[in-house]
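Visitor: Turn this into a structure:
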Amino acid sequence: MKKALFVLTLFSSIGFFNPMQIFSPQLTKLMFYLCICMCALLAVTDGRSLRGIDYPRKSYWLFMLMIAVSTVSATAFHPQSYSVTLMSTLPYFLGYFFFWIMLKLALPERFILKWMFIGCLLAVPVYFINLFSFPNVVFGEEFNLDTSRGMLRVPVFFLEIMAFFLFYGINQLLLGRGRKNLWIMICGVCTLMIFMSVVRQVILYSMVLCILFLLKRSSWTKKLMVVAAGIIVVVYVLPMIPAYNTMLELSGDQLEENEEKENVRIGAWRYYTFENQTNGLTPIIGNGSPSFGNSVWGNVFDDAIEDNGYLYADVAWAGIIYLFGWTGFAALLILILKAVFKQKIPEREYLTYWFVFIFLCGIGSGVFIYYNSIISIMIGLYLVFGTNEKNSDNNPQLQQPV
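Guide: Model (predicted):
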């Protein structure tokens, strides 16, 4: 039962790929809520005790408290009813609550890796079906035509988990475990999907961290060889790829625009951390979550976004500050940094690089805002803090996700 509910929750976070848009946005959220609630019920009735589990209790529960407190500030300081606020806050509360649920359910690491891997495998053909069927969208929500980066921008399901298995595959190669060609192929597919997402910061962060990971135990000779090979690829190979040239030109054009006017993400950071605060208290405890289309505040907020283009989902860390205050931001930051710096056995070193990747993505993307990304992060936190590392150094079951 635990395992089935985990699988359902993982796939409900992306609406079960929503084939032919058979599920409305409201229904996909409802399915996600139901899966989380059933997991929570099972965790309470049949979960393990967490007394002996060493996880960042204070920072985690402080962050959960700030989510709860933000519902009060949303109603007290904005024209939005408490019931509407509760509904708009549920994706955050339930998403982040999944970490505690995972700790209680204590699922096997191999099982979790297996189903995360299956999700990535399914996401690959789903992406290409959407790419070749456009303007008809077969899976997921409909998206607009955007070729500003040299190719059609098609959403990649489980993008953060693609990066997860890229680092996981590199870790297995460095350990010399399993079939080398298999891990090279897995890393190659994950790299391809990250590139096909055309999300520049995701591409940049994942590639730089992969290089650092690969070079960590290498001699200076190998490091110089890799750097030389990287320079050759950047100078001679990448310019042969049209999408790369277009993204490079787009970045250059945006840099030129930034000299004349402020970058939209820099503006969003300033707007949500300082300018759009309601009073002297909201920077500390947060403003809460606006409900777009369901309240006066949500409508005013939506109109402001149309005017200035500042989306807090584009700047997740700043969005956390706006929603849950600097207190909530500090608590979540400590939680993520503890996941980065926790000492790990060699088989789990990939988690350090993945959480650095998640931390960096929070600067200019929505990893801490979208509940499908939140679920992936909570699973990662469970793998860091909730699984048993004893006798796992030579455990072959941890070396293959399937």
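
Visitor: Test my guess that Ala68 contacts Tyr96.
Guide: No - Ala68 is not in contact with Tyr96 according to Cβ atoms under 8 Å; the separation is 11.0 Å. Heads up, the C-betas are built off the backbone N, CA and C, glycines and all.

Visitor: The two: which is more packed in?
Guide: Counted by other Cβ atoms under 10 Å, Ala68 and Tyr96 do not tie: Tyr96 has more neighbours, with 23 against 11.

Visitor: Wait, the more buried one touches Met66, no?
Guide: No - Tyr96 is beyond contact range of Met66, at 10.3 Å (criterion: Cβ under 8 Å).

Visitor: so who does the closest residue to Gln172 other than its chain neighbours touch?
Guide: Spatially, and ignoring its direct neighbours in sequence, Gln172 is nearest to Trp183 (4.8 Å; Cβ to Cβ, 6 or more residues apart in numbering). By Cβ atoms under 8 Å, 6 or more residues apart in numbering, Trp183 lies in contact with 169-170, 172-173.

Visitor: Kindly recompute the last result at 7 Å.
Guide: Neighbour list for Trp183: 169, 172-173 [criterion: Cβ atoms under 7 Å, 6 or more residues apart in numbering].

Visitor: In strands only, show me the residues you listed.
Guide: Applying DSSP state E to the contacts of Trp183, no entry is found in strands.

Visitor: Mind giving me the ChimeraX select for the residues you listed, buried ones only?
Guide: In ChimeraX, this line selects whichever of the contacts of Trp183 come out buried by 16 or more other Cβ atoms under 10 Å:
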select :169,172,173
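
Visitor: Could I get the contacts of Trp183 in JSON lines, plus columns for pLDDT and distance to Lys29?
Guide: Converted to JSON lines, the contacts of Trp183 look like this (pLDDT from 0 to 100; distance: Cβ to Cβ, whole Å):
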{"residue": "Gly169", "pLDDT": "94", "distance to Lys29": "33"}
{"residue": "Gln172", "pLDDT": "93", "distance to Lys29": "36"}
{"residue": "Leu173", "pLDDT": "90", "distance to Lys29": "39"}
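
Visitor: which among the contacts of Trp183 gets closest to Met378?
Guide: Nearest to Met378 among these is Gly169, at 22.1 Å by Cβ to Cβ.

Visitor: Just give the nearest non-adjacent residue to the closest one, would you?
Guide: Among residues not flanking Gly169 along the chain, Cys187 sits closest, at 4.1 Å (Cβ to Cβ, 6+ apart).

Visitor: quick one: pLDDT of that neighbour?
Guide: For Cys187, the pLDDT comes out at 93.

Visitor: just the one 5 residues further on next, same as before
Guide: In the predicted model, Leu192 carries a pLDDT score of 92.

Visitor: Repeat that for the one 5 residues further on.
Guide: Ser197 carries a pLDDT score of 89 in this model.

Visitor: Next, give phi and psi for the nearest residue to Gly366 once chain neighbours are set aside.
Guide: Nearest residue to Gly366, sequence neighbours excluded (Cβ to Cβ, 6+ apart): Ala313, at 3.8 Å. Ala313 has phi and psi values of phi -70, psi -20 when expressed as degrees, to the nearest 10.

Visitor: number of nearby residues for Ala313?
Guide: 15.

Visitor: Return the residues in contact with Gly302.
Guide: For the record, residue 302 is Asp, not Gly. With contact taken as Cβ under 7 Å, 6+ apart, Asp302 is in contact with Phe292.

Visitor: and the gap between it and Tyr371?
Guide: Here Asp302 is placed at a distance of 19 Å from Tyr371 (Cβ to Cβ, to the nearest Å).

Visitor: which parts of stretch 288-305 are buried?
Guide: Neighbour-count burial for stretch 288-305, counted by 16+ other Cβ under 10 Å, picks out 288-291, 294-295, 297-299, 301, 305.

Visitor: Just the CA trace of it, in PDB.
Guide: Provided in PDB are the C-alpha atoms of stretch 288-305 (Å, rounded to 0.1, in the frame of the first residue of the first chain):
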ATOM      1  CA  GLY A 288       0.700  34.400   2.000                       C
ATOM      2  CA  SER A 289      -0.400  33.000  -1.300                       C
ATOM      3  CA  PRO A 290      -2.700  35.000  -3.600                       C
ATOM      4  CA  SER A 291      -5.500  33.100  -5.400                       C
ATOM      5  CA  PHE A 292      -5.600  34.200  -9.000                       C
ATOM      6  CA  GLY A 293      -9.100  34.600 -10.300                       C
ATOM      7  CA  ASN A 294     -10.700  33.800  -6.900                       C
ATOM      8  CA  SER A 295     -10.200  36.900  -4.800                       C
ATOM      9  CA  VAL A 296      -9.800  40.700  -5.100                       C
ATOM     10  CA  TRP A 297      -6.200  40.400  -4.100                       C
ATOM     11  CA  GLY A 298      -5.500  37.600  -6.600                       C
ATOM     12  CA  ASN A 299      -7.100  39.700  -9.500                       C
ATOM     13  CA  VAL A 300      -5.100  42.800  -8.600                       C
ATOM     14  CA  PHE A 301      -1.900  40.700  -8.200                       C
ATOM     15  CA  ASP A 302      -2.600  39.100 -11.700                       C
ATOM     16  CA  ASP A 303      -3.000  42.500 -13.300                       C
ATOM     17  CA  ALA A 304       0.200  43.700 -11.800                       C
ATOM     18  CA  ILE A 305       2.000  40.700 -13.200                       C
END
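
Visitor: So for it, mean pLDDT?
Guide: Rounded mean pLDDT across stretch 288-305 is 92.

Visitor: tell me how far that stretch is from the chain's mean position?
Guide: 24 Å (Cα atoms, centre = their mean, to the nearest Å).

Visitor: which is the next helix or strand following the helix or strand of the chain with the lowest mean pLDDT?
Guide: Each helix and strand of the chain was given a mean pLDDT (mean pLDDT, DSSP states H and E); the minimum falls on helix 242-260 at a mean of 55. For helix 242-260, the following helix or strand on the C-terminal side (DSSP states H and E) is helix 264-270.

Visitor: Does the following helix or strand past that next one pack against any helices or strands, and if so which?
Guide: Proceeding N to C from helix 264-270, the next assigned helix or strand is helix 282-285, under DSSP H and E. Judged by 3 or more Cβ pairs under 7 Å, 6 or more residues apart in numbering; DSSP states H and E, the packing partners of helix 282-285 are helix 57-77, helix 316-341.
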